[in-house]
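1. When you get a sec, could you give me coordinates for this:
(one chain, ligands or ions: 1)
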Amino acid sequence: MTSPHELLSNNQRWATRVSIQQPGFFERLAEQQQPTCLWIGCADSRVPASCVVDAKPGELFVHRNIANVVGHTDLGVLSSIQFAVEVLKVSHILVVGHYGCGGVGAALKQSRLGLIDNWLCPIGEIARKHQCKLDPSLEFDTRHARLCELNALEQAVNVCRSSVVQAAWDRGQELGVRAWIYALKDGHIHDLGLDIRSTRQLPTAYENVLKRLDRQWQGPAEPMPV
Ligand code: CO
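-> A predicted model of the protein is given here:
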């Protein structure tokens, strides 16, 4: 277990090491940030955004919450999207789910955990929308992995439908929205195959990802990712 005290001393050591290895690094970063990607991911401590893509400070603009939910009334995520798109002018928005997501699992089990049940409500709706793919006769782990993938996909669709992204595409801004999923068991990110650059592409691209996932799920039995 890492204590706050240890975190502070780790920080001192890290800042000193970076200053020695790359003189002027912090001074340059203090001037401005120019990330090209916005990462929307889960707050899970095992999925630290910059770390898993080996990004340096300044390379990734990050918004994380429980189960990477993109709600149309959540001022937090909407403001992050607006700032990233309109001020930082990122070219890509990455919605990154992960297998074994506790929030997704709780929504699937319909657990009663308190306040968070409200937060996870939209994931329950995704489960209902795709209930034919989440048949209760399937193992829980299989349904859980599928819903983690579907959640990343549906939240990326929510990004595409947000007023900020719609306005960016209307004015011709170059902006792509992707859906990825991270596997805790081996640290690898899998591309779910969604790469949207305009409103027009959305319906077909979404259907294609669903078909691809279906083929993958019907394919030869493989150990499910965790
Ligand atoms: Co999670």
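2. Pop out the phi and psi values for residue 63.
-> phi -130, psi 120 (degrees, to the nearest 10).
3. these two touch, right, it and residue 40?
-> Yes. The pair residue 63 and residue 40 passes the contact test of Cβ atoms under 8 Å, sitting 5.1 Å apart. The way it works is simple: take the backbone N, C-alpha and C, and place the C-beta from them, glycine included.
4. Just give the nearest non-adjacent residue to the most centrally placed residue in the chain, would you?
-> Most central in the chain under Cα atoms, centre = their mean is residue 96, positioned 2.4 Å from the mean C-alpha point. Of all residues not flanking residue 96 in the chain, residue 41 sits nearest, at 4.2 Å (Cβ to Cβ, 6 or more residues apart in numbering).
5. Same question for residue 83.
-> Spatially, and ignoring its direct neighbours in sequence, residue 83 is nearest to residue 61 (7.7 Å; Cβ to Cβ, 6+ apart).
6. Would you mind pulling up the elements that the helix or strand the one you found falls within packs against?
-> Per DSSP states H and E: residue 61 is located in strand 60-65. Contacts defined by 3 or more Cβ pairs under 8 Å, 6 or more residues apart in numbering; DSSP states H and E place strand 60-65 against strand 37-42, helix 49-52, helix 75-82.
7. One more pass at 10 Å, please.
-> strand 37-42, helix 49-52, helix 75-82, strand 92-98 (3 or more Cβ pairs under 10 Å, 6 or more residues apart in numbering; DSSP states H and E).
8. In CSV: the ones you listed, plus distance to the ion and mean pLDDT.
-> Converted to CSV, those look like this (distance: least, Cβ to the ion, whole Å; pLDDT from 0 to 100):
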stretch, distance to the ion, mean pLDDT
strand 37-42, 3, 98
helix 49-52, 12, 96
helix 75-82, 15, 98
strand 92-98, 5, 98
